[in-house]
Structure formats: structure tokens, C-alpha cells
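give me a model of this one.
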Amino acid sequence: MLARFVCLAALLFPALALAQTSGDEPKACARAGTPPSADYERENVDKEWPAETTRMKGQEAFVSRRRDKLRLAVDGRTVELEDCPYGDTGYQYLFERLDDSGRFYVVRTPAYEDFWYTLVMRSTGRLYTVYGAPVWAWDKTRFLTVACSLLPERATLTIHQPAGDGIATEAEIPLPCALESCSARWDFQSWITVSCTPYDDPGKKGTEFVVIRGKDGSWKKFGR
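Model prediction:
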């Protein structure tokens, strides 16, 4: 069950401009007149924070937690991501891993009736939102994410590429998520295979196609 809480990042230093894309603005935490979720403390103390501590092992020099604040080391400074356990717009930050290929932290961000990942750049502290876990190509030049959900409605395979101190979107390919659940994998650094399964009959073969990067740098879909 997705957590029903959490919110906002408090950056402790001025934001720096990035190449091509500038990252996401932190969301405001709607606290006024809204009591904290009764489940927030229990679920985190009993489940989420102990599991997160295990994932932090060996990374203590870079990441730590103080109750509702996740602390990340960024170029000699610190970024704090503060949970917001208030109302239907709340969300929280849970450390997943340090991604050496992208030089960013991967932070799982469960929310009320929603879910995404927050990527925090280690050089600048800028935040980037993606709707699936980053999966790198073999040559580590780009990664893909898959967003395939009915509520909220998302249906996109996105190819991302490091861009200076930030992340750029290289391509977006629509997925048939209204009827099927989709996944994608890298077969080569310029070849992605997409497989989808019908919701109403998981044993039935669904949509399959490939996405290939041409010599001109554009990504094209082939197949049904």
C-alpha cells in the first residue's frame, strides 16, 4: 500500500543552473489545518525506515536520516528532503540507492494514490522526477523509465540522458497502458524491447514492439 504522507525538500543552498534542463521545483507542503496521518509514524518506524537503514549500509558518508528528514551529501554540502505527512497531497522520501552511472541518488517517493522516483544530482542537489526506476543501457550513456499505470493515468516509455550536471529527456514513446501492463528492457545500447500483458488475461500474449535509435539519433518504434 502506498504511503499516505510526506512532502517537500528543503534545499540548504541556492539552486544552480543546469545544462538543457533545470530540474523540478520542490512542492509545497500543505500543512495548514491538516492533521498528520495516523499511519505515518507506525508504518515508518516498523517497516520503511528499518528497510531504508539496510539499504544505507556502506553509504553512511553520503546519506542519513533524522526522523522525517532524509539527508544527502551534495558536493560538500547537504540537501534535506523532508517528509510531509499531511492530507491527500502528502508524500515521503525513501533512499533507494546511489547511482554511480548517473551521479545521482535514487529516492523512492510514495504518495497518496501515487508513486514516483526523485533523482537528486550529487553535483548540484537539483531534483528530477521520473515515474519508474532508472534502467541503464549497456554503455551507460542513457537510461529508460517506464510509466504504466491506470490511476493516475500514465503510459510512457521515456529515454533519459545525462546532460552536463543534469538530466535531459531524449525521447518519449507512448505505451498501451489503458488495456495492458508494460515493461521494457535494453537488448543493445540502441535497441529496446517492450512487452505488454493484458490486464484482464495475464496469460495472453499482448503488445510487443522494439524501439531503435537511428543514425540520426532519433528513436523509432517498430512492430505491433
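
give me phi/psi at residue 205?
Torsion angles at residue 205 (phi, psi; degrees, to the nearest 10) stand at phi -70, psi 130.

check residue 48 too.
The phi/psi pair for residue 48 (degrees, to the nearest 10) is phi -70, psi -50.

that one against residue 94, yeah?
Yes. Counting by CB atoms under 8 Å, residue 48 touches residue 94, with 5.9 Å between them. C-beta coordinates here come from the backbone N, C-alpha and C atoms, glycine included.

of these two, who's got more company?
Neighbour count, other CB atoms under 10 Å: between residue 48 and residue 94, residue 94 has more, with 22 against 16.

tell me which other helices or strands the host helix or strand of residue 109 touches.
Assigned by DSSP states H and E, residue 109 belongs to strand 104-111. Using 3 or more CB pairs under 8 Å, 6 or more residues apart in numbering; DSSP states H and E, the elements in contact with strand 104-111 are strand 94-99, strand 114-121.

alpha carbons of it, as CSV, please.
Provided in CSV are the C-alpha atoms of strand 104-111 (Å, rounded to 0.1, in the frame of the first residue of the first chain):
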residue,chain,number,x,y,z
PHE,A,104,22.6,10.9,-8.6
TYR,A,105,20.7,9.5,-5.6
VAL,A,106,17.6,7.4,-6.4
VAL,A,107,14.9,8.3,-3.9
ARG,A,108,11.6,6.3,-3.9
THR,A,109,8.7,8.7,-3.4
PRO,A,110,5.5,7.0,-2.4
ALA,A,111,2.5,9.3,-2.1
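
contacts for it, please.
Contact partners of strand 104-111, identified using CB atoms under 8 Å, 6 or more residues apart in numbering, comprise 2-4, 6, 62-63, 70, 72, 81, 89-99, 115-122, 128-129, 133-134, 167.

what do you get if the cut-off is 6 Å, keeping everything else the same?
Identification of contacts with strand 104-111 by CB atoms under 6 Å, 6 or more residues apart in numbering yields 2-3, 72, 91, 93-99, 116-121.

so what are the domain limits for the protein?
For the chain, automatic domain parsing gives the domain ranges 1-130, 132-224.

quick one: these as a markdown table, columns for mean pLDDT too.
Shown next, in a markdown table, are the domains of the chain (pLDDT from 0 to 100):
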| stretch | mean pLDDT |
| --- | --- |
| domain 1-130 | 79 |
| domain 132-224 | 95 |
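
got the contact list for the residue nearest to the spatial centre of the chain?
The centroid of the chain falls nearest to residue 117 when counting by CA atoms, centre = their mean (1.9 Å). Listed by CB under 6 Å, 6+ apart, the contact set of residue 117 reads 106, 130.

just confirm residue 55 is within a helix.
Yes. The assignment for residue 55 (DSSP: H, G, I helix; E, B strand; the rest coil) places it in a helix.
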